[in-house]
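Trainee: only geometry, no sequence info:
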């Protein structure tokens, strides 16, 4: 996921005291239930803090690309099993995904643990922080599951940066019994409520005919010219695209010798927009531009969708409010905003179940996501604090929904999209 840095809003302190542990809440009246659950969640996060930091650092030191996160999955599985989680009888088809549960309450909370890194720059999107925070939330919720009437569903979700592993899990039914889903994302400042941009990625392939560029250029069909026509048409079309739309292009192959007319050009085009409807308008225009390149040069064109289209993220207002309230207890003033930020397959989850996807802030030195500089800040004391604070906030937000009769009823009786 790519986001723009903003002024830091994380607390100056590098350590947050664990909330005081209160008596078991099962007999408490409703107004006292949430404070008791929060206290026990805080104690559980504090008890797991050193191990969560260790996981974050281990993932950071050993980055794995989407679909290859075998060691990350194993590290998380070990920790879940030690905490008493049991693996679902049916596991996801992706070998680096995982589904495990704790508790047997009627309200099912899915904790999404995304683990993939980026080529060449490792965890430059902070997924080591994301994973450790979501795991911490799952462990904390498991500690209160019996009293809060919860089942905790821990899902290791691979390939967020590429094919959208959460979408595969949706299609395979792993969110079917979830009533809410939570995760946090590393960032330069604290925020919640953000939307994201709907996104899709295509690969395109122009096939022409090679010829000597000086001796017989008229015999060639120039695939590189086709790509240039398409890129020019897209550049001119940007003014008429829906507001907020983004189109990005890269050429992976564009000829091999300067004196040979290129007969093959391969590239990728990524399209983003504020809504699915706007994305459909963008894809229609971009496809026409790609077709124009083929028509103008006589090349053959093949376009293939890469991975799954990402939906725009829609965070649940009640969960956002509960998260802000919980993080205030940790000394964080979390901004509430609806501005769209980058793209994520958590958007697809949010269309299926009420979802929480806050940005957890730490000092990144002003660096943007997907840069080596951002990655270098992923194991600092500030990032470690973000892990435990986000774990507490996610778990406390889910507990707030469980402890409030109206919210609980809303989640249990909602109609799936």
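Mentor: Great, that's in hand. All of these numbers come straight from a predicted model, not from anything done at the bench. Residues are numbered from 1 along each chain as shown.
Trainee: Counting by contacts, list what the longest helix along the chain packs against.
Mentor: The residue-count maximum for a helix in the chain (DSSP state H) belongs to helix 30-61. With contacts defined as 3 or more C-beta pairs under 8 Å, 6 or more residues apart in numbering; DSSP states H and E, helix 30-61 has these neighbours: helix 70-82, helix 127-148, helix 381-403. Where C-beta positions appear, they are placed from N, C-alpha and C, glycine not excepted.
Trainee: what about these, which gets the closest to residue 193?
Mentor: helix 381-403 (12.3 Å; C-beta to C-beta).
Trainee: before we move on, back to that, please identify which of the helices and strands packed on helix 30-61 is closest to residue 375.
Mentor: When those are compared by C-beta to C-beta, helix 127-148 sits nearest residue 375, at 9.1 Å.
Trainee: got TSV for the helices and strands packed on helix 30-61, with mean neighbour count and distance to residue 205 too?
Mentor: Putting those into TSV (neighbours: other C-beta atoms under 10 Å; distance: least, C-beta to C-beta, whole Å) gives the following:
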stretch	mean neighbour count	distance to residue 205
helix 70-82	17	31
helix 127-148	28	31
helix 381-403	27	41
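Trainee: for these, which one sits closest to residue 33?
Mentor: helix 381-403 (4.4 Å).
Trainee: picking up where we left off before, need the helices and strands packed on helix 30-61 in TSV with mean pLDDT, can you?
Mentor: Formatted as TSV, those follow (pLDDT from 0 to 100):
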stretch	mean pLDDT
helix 70-82	98
helix 127-148	98
helix 381-403	98
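Trainee: how about those helices in JSON lines, adding distance to residue 236?
Mentor: Output for the helices and strands packed on helix 30-61, formatted as JSON lines (distance: least, C-beta to C-beta, whole Å):
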{"stretch": "helix 70-82", "distance to residue 236": "43"}
{"stretch": "helix 127-148", "distance to residue 236": "37"}
{"stretch": "helix 381-403", "distance to residue 236": "43"}
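Trainee: can you tell which of those is closest to residue 322?
Mentor: Evaluated with C-beta to C-beta, these place helix 381-403 nearest to residue 322, the distance being 3.8 Å.
Trainee: circling back: distance from the chain centre to the longest helix of the chain, please.
Mentor: 21 Å (C-alpha atoms, centre = their mean, to the nearest Å).
Trainee: mind listing what's buried in that helix?
Mentor: Applying a neighbour-count criterion of 16 or more other C-beta atoms under 10 Å, one finds 33-46, 48-49, 51-53, 55-57, 59-60 buried in helix 30-61.
Trainee: between it and helix 381-403, how big is the angle?
Mentor: Helix 30-61 runs at 140 degrees relative to helix 381-403, counting by axes from the mean of the first three to the mean of the last three C-alpha atoms, to 10 degrees.
Trainee: Could you look up the SS state of the residue minimising distance to the centre of the chain?
Mentor: Central residue of the chain (C-alpha atoms, centre = their mean): residue 344, 4.5 Å from the mean position. Classification of residue 344 using DSSP: H, G, I helix; E, B strand; the rest coil returns coil.
Trainee: Confirm for me that it is in contact with residue 357.
Mentor: Yes. At 7.1 Å, residue 344 counts as touching residue 357 under the criterion of C-beta atoms under 8 Å.
Trainee: which residues are common contacts for these two?
Mentor: Contact criterion C-beta atoms under 8 Å, 6 or more residues apart in numbering; residues shared by residue 344 and residue 357: 185, 196, 313.
Trainee: still on that earlier bit, list the contacts of the residue nearest to the centre of the chain.
Mentor: Taking C-beta under 8 Å, 6+ apart as the criterion, residue 344 is in contact with 1, 160, 185, 196, 310, 313, 357.
Trainee: closest to residue 297 out of the helices and strands packed on helix 30-61?
Mentor: Set against residue 297 and scored by C-beta to C-beta, those come closest in helix 127-148, at 40.9 Å.
Trainee: how many neighbours does residue 318 have?
Mentor: Using other C-beta atoms under 10 Å, residue 318 has 19 other residues around it.
Trainee: ok, for it, nearest residue in space, not its chain neighbours?
Mentor: residue 407 (5.8 Å; C-beta to C-beta, 6 or more residues apart in numbering).
Trainee: buried set for the helix or strand hosting the one you found?
Mentor: Assessed by DSSP states H and E, residue 407 sits inside helix 405-413. Across helix 405-413, burial judged by 16+ other C-beta under 10 Å covers 407, 408, 411.
Trainee: burial measure for residue 340, as a count.
Mentor: 18.
Trainee: ah, wrong one, I meant residue 241
Mentor: 18.
Trainee: how close does it get to residue 227?
Mentor: Per C-beta to C-beta, to the nearest Å, residue 241 is found 20 Å from residue 227.
Trainee: and residue 152, that one's in a strand?
Mentor: Yes. Under three-state DSSP, residue 152 sits within a strand.
Trainee: Looking at strand pairing, list the partners for it.
Mentor: For residue 152, the beta-bridge partners are residue 102, residue 109 (DSSP bridges).
Trainee: Might you report the residue contacts of it?
Mentor: Residue 152 neighbours (C-beta under 8 Å, 6+ apart): 85, 101, 102, 103, 108, 109, 111, 138, 141, 142, 145.
Trainee: Can you identify each of the helices in the protein by residue range?
Mentor: Shown for the chain, the helices assigned by DSSP H span residues 30-61, 70-82, 127-148, 165-171, 223-237, 276-297, 317-328, 346-352, 372-376, 381-403, 405-413.
Trainee: between those, which gets nearest to residue 155?
Mentor: helix 165-171 (6.2 Å).
Trainee: contacting residues around the residue nearest to residue 318?
Mentor: 318, 400, 401.
Trainee: any idea how far residue 355 is from it?
Mentor: Counting by C-beta to C-beta - residue 407 and residue 355 are separated by 14 Å.
Trainee: same question, residue 130
Mentor: 14 Å.
Trainee: what's the answer for residue 61, then?
Mentor: In this view, residue 61 and residue 355 are 30 Å apart by C-beta to C-beta.
Trainee: where does the stretch 1-150 of the chain have low pLDDT?
Mentor: 1-32 (pLDDT under 70).
Trainee: Much appreciated, bye for now.
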